[in-house]
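Q: Below are the sequence and a predicted model for it; my questions follow.
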Amino acid sequence: HGIKILHHKLPLMLNTNHSALTSYFITPFIYFLGIKTSSIRLLTIIGGMFTLLATYLFTKEFFNYKAAFISVLLLVINFNFLYNTKMGIVNGSIMQAILMFSLFCLYRWYKYKKKLYLFIGMFLLGLGISIKIWFFWVIMALCVCMFIFRRDLMARIQKNHYCYIKVFFALLFFASGAFL
């Protein structure tokens with residue numbers, strides 16, 4: 001199945017387990033490397049490398065260099081991470097990277113109060129939902145943590161609630177709806 005644009009057929013979904021966005025991540029690897037297992041595994045390995053990078057950046061920002069190094073080390077020896085990264089579990093590998101980069105961006109927005117980080121973080125959360133709808137649970141967990149641990153953040157959002165709520169829903173639903 002697909003859509004034809006400029007004499008190129010773009011896939012909508014490879015199968016029922018992969019979203020259209022996952023298809024678009026896989027397509028360049030298949031195009032340049034051919035239809036083989038190593039093409040798909042290369043995407044997941046790159047996704048794993050981005051996950052390690054994002055984990056390091058987020059943990060360094062949130063804690064310090066030592067904690068960042070230890071968290072990446074623990075992630076590298078984690079069986080579930082290795083399995084998702086090396087065996088070609090495309091959704092898992094991509095979603096781990098999206099999750100960690102969204103945490104990094106949202107924390108930088110909280111710390112430096114720059115809206116660009118909010119926009120990027122929300123867009124990444126929307127991409128996560130467009131890959132698998134159960135990524136919504138990640139967003140719910142972030143909201144619960146925000147309500148419990150960061151009352152000052154809630155006060156800031158309530159103070160400017162029209163701006164931030166509109167931006168939140170606009171970016172979240174744009175990214176989710178754009179690829180479904």
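A: Arrived safely. Numbers count the residues shown, from 1 in each chain.
Q: how about the strands in the chain?
A: For the chain, the strands identified by DSSP state E occupy 2-5, 8-11, in order along the chain.
Q: what residue is smack in the middle of the protein?
A: Among the residues of the chain, the smallest C-alpha distance to the mean C-alpha position (Cα atoms, centre = their mean) belongs to I98, namely 1.5 Å.
Q: Enumerate every residue touching the residue nearest to that one when sequence neighbours are not counted.
A: With Cβ to Cβ, 6 or more residues apart in numbering as the criterion, I98 has its nearest non-adjacent residue at 4.7 Å, and that residue is G128. To be clear about C-beta, it is placed using only N, CA and C from the backbone, and glycine gets the same treatment. By Cβ atoms under 8 Å, 6 or more residues apart in numbering, the residues touching G128 are 95, 98-99, 102, 135, 138-139.
Q: Next, find the distance separating G128 from M100.
A: Applying Cβ to Cβ, to the nearest Å, the value for G128 to M100 is 11 Å.
Q: what ranges of the protein fall below the confidence cut-off?
A: Within the chain, the ranges that satisfy pLDDT under 70 run 1-3, 5, 10-18, 153-154, 156-180.
Q: For the longest helix along it, name the packing helices and strands.
A: In the chain, taking DSSP state H as the definition, the longest helix is helix 37-62. Applying 3 or more Cβ pairs under 8 Å, 6 or more residues apart in numbering; DSSP states H and E, we find helix 37-62 packed against helix 20-33, helix 65-76, helix 79-86, helix 90-112.
Q: Quick one: distance of stretch 127-136 to the chain centre.
A: Between the mean C-alpha point of stretch 127-136 and the mean C-alpha point of its chain there is a distance of 9 Å (Cα atoms, centre = their mean, to the nearest Å).
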